[in-house]
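A.B. asks: Model the structure of this input:
(one chain, ligands or ions: 2)
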Amino acid sequence: MRILADQNMPLVESFFSDIGEVIRFDGRNLRPEELSDADILLTRSVTKVNEALLAKAKQLKFVGTATIGIDHIDTQLLASSGIAFSSAPGCNAIAVAEYVISAIMAYAQESGTSLQGKTIAIVGVGNIGKCLAAKIGALGLKVLLCDPLRYQDGSLDSHIELDDALKAADFVSFHVPLVKNGEHKTIHLLNEARIASLKPGMVLINASRGDVIDNQALLRALEGGQALELVLDVWENEPNILQSLLPYVRFATVHIAGHTLEGKARGTQMLYEAVCNTLNLKPQKTITDFLPKPSVTACKLQDTANENDLLNLVHLVYDVRRDDGIMRANLTSQGFDALRKAYPVRREFSTIELNDDSPISDKLYQLGFSKCSS
Ligand SMILES: NC(=O)c1ccc[n+]([C@@H]2O[C@H](COP(=O)([O-])OP(=O)(O)OC[C@H]3O[C@@H](n4cnc5c(N)ncnc54)[C@H](O)[C@@H]3O)[C@@H](O)[C@H]2O)c1
Ligand SMILES: O=C(O)[C@H](O)[C@H](O)COP(=O)(O)O
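C.D. replies: Ligands and ions are numbered 1, 2, ... in the order given. The predicted model follows:
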């Protein structure tokens, strides 16, 4: 069994070496000939799986992407070709939610803004949006949910129209899939007219897909003096992004919101389970067999702990400004993809255990920190 796997996918050898020979490829430059004798193809988001790529595949049984987004995969083609397919729904939802939390707290700290009573609109309330909504109340933010599809199918009790959310909220965070056609298309969901309608000074966060915001229209608005705060993890036309946006962005990162060690490893595990299912094998391994122990695993909170300590703990685990600094310092010399490949280790809040008897313990648990096991 020949298993082709993206070079940026962790733990493939650990999970798959009992199933077949693992051959690594460069995700942006995979050639159709490389698939001629492949049985399994494991990608991340940068490989377009389409008719041209599969032209020479003769024995492909399974295609998997260790990501949540599937806009790079022609799923209809796979179905009509009898090739099993799996993505990794929710694998990095916690990582993206923690990215947004870190960014909002860093913004509040830098601007001297109190978050108490401020409003966040979450656009797209699937795995990530729900995860974020469950956590963000710990910061005192009021949550508005915008997801017409989930409201229509009855899985959401409340829904605010996007145009109303954009005028009302203090923070707007996008968590929609990239959909290019149809009634609920999301390409340029935030178009020129909607950008013009944004509440002045609003904090706009995009960790979904770059094409959800018209980047050129955004740049024109900013150059024209529109007052906006921006947190951008995703960009139109990655890896060749519109660099002239950068000076206007408070926190800019190279599409790494989902890149915790746990988030990426969960993606690989989910594909391992899907391949086992396709091949009628019993899965034997989980990420806990392979993930390294974090360097900090517990903190002791005193009864004097306060909101400042909450901020410090969040940023002890993950401060988005580390990644913003890396992007600004190295984008021109190293390029977008190289920075993604060399992404430093990042762990999730849950890797830290905290005692339950401090004034901020419950809020930190809500954000995702763990309770002391002893
Ligand atoms: N930056 C990153 O590193 C990163 C990581 C993971 C996922 N993502 C992106 O985030 C997206 C969302 O992830 P998810 O796990 O929450 O997906 P999901 O499929 O669980 O949820 C997406 C939600 O968006 C809703 N939606 C669709 N069209 C909408 C519209 N026009 N307006 C409002 N809501 C709409 C859907 O009804 C659904 O509830 C992914 O598709 C992916 O592109 C980015
Ligand atoms: O959709 C996703 O899951 C994310 O966008 C994913 O984290 C993208 O990362 P990549 O596959 O490009 O490493």
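
A.B. asks: need the residues of the stretch 201-350 of the chain near ligand 2, please.
C.D. replies: Residues of the stretch 201-350 of the chain lying close to ligand 2 (C-beta under 6 Å from any ligand atom) are Gly258. Yep, even glycine has a C-beta here, placed from its N, CA and C like the rest.

A.B. asks: OK, now which residue of the stretch 201-350 of the chain is nearest to ligand 1?
C.D. replies: Gly258 (3.2 Å; C-beta to the nearest ligand atom).

A.B. asks: That residue against Ile68, yeah?
C.D. replies: Yes: contact criterion C-beta atoms under 8 Å: Gly258 and Ile68 qualify, at 7.1 Å.

A.B. asks: Overlap in contacts, these two.
C.D. replies: Common contacts of Gly258 and Ile68 (C-beta atoms under 8 Å, 6 or more residues apart in numbering): 91-92.

A.B. asks: Following the record's annotation, map out the domains of this protein.
C.D. replies: 2-87+260-289, 93-252, 298-371 (automatic domain parsing).

A.B. asks: Off-centre distance for the last one?
C.D. replies: Averaging C-alpha positions (C-alpha atoms, centre = their mean, to the nearest Å) puts domain 298-371 15 Å from its chain's average.

A.B. asks: does any part of that domain sit near ligand 1?
C.D. replies: No: against ligand 1, domain 298-371 shows no contacts by C-beta under 6 Å from any ligand atom, the least distance being 9.8 Å.

A.B. asks: Nearest spatial neighbour of Asp214, chain-adjacent residues omitted?
C.D. replies: In space, and not counting its chain neighbours, Asp214 is closest to His188: 4.5 Å by C-beta to C-beta, 6 or more residues apart in numbering.

A.B. asks: quick one: the one you found and Arg209 touch, right?
C.D. replies: No: using C-beta under 8 Å, His188 makes no contact with Arg209, being 11.0 Å away.

A.B. asks: so who does Phe336 touch?
C.D. replies: Going by C-beta under 8 Å, 6+ apart, Phe336 touches 238-241, 254-255.

A.B. asks: Contact partners for Asn191?
C.D. replies: 214, 217.

A.B. asks: Switch the domains of the chain over to CSV; also include mean pLDDT.
C.D. replies: Below are the domains of the chain laid out as CSV (pLDDT from 0 to 100):
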stretch, mean pLDDT
domain 2-87+260-289, 97
domain 93-252, 97
domain 298-371, 98
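
A.B. asks: returning to what we had before: filter the contacts of Phe336 to the buried ones?
C.D. replies: Neighbour counting over these (16 or more other C-beta atoms under 10 Å) leaves 238-239, 241, 254-255 as the buried ones.

A.B. asks: Pick out whichever of the residues you listed sits closest to ligand 2.
C.D. replies: For those, the nearest to ligand 2 is His255 (6.0 Å; C-beta to the nearest ligand atom).

A.B. asks: Can you classify the closest residue to the closest one other than its chain neighbours by secondary structure?
C.D. replies: Setting aside the residues directly before and after it, His255 is nearest to Val234 in space (C-beta to C-beta, 6+ apart), at 5.2 Å. Of the three states, Val234 takes coil according to DSSP: H, G, I helix; E, B strand; the rest coil.

A.B. asks: Tell me how far Val234 lies from Phe349.
C.D. replies: 22 Å (C-beta to C-beta, to the nearest Å).

A.B. asks: Right, and ligand 2 sits closest to which residue of the stretch 201-350 of the chain?
C.D. replies: Nearest residue of the stretch 201-350 of the chain to ligand 2: Gly258, at 3.2 Å (C-beta to the nearest ligand atom).
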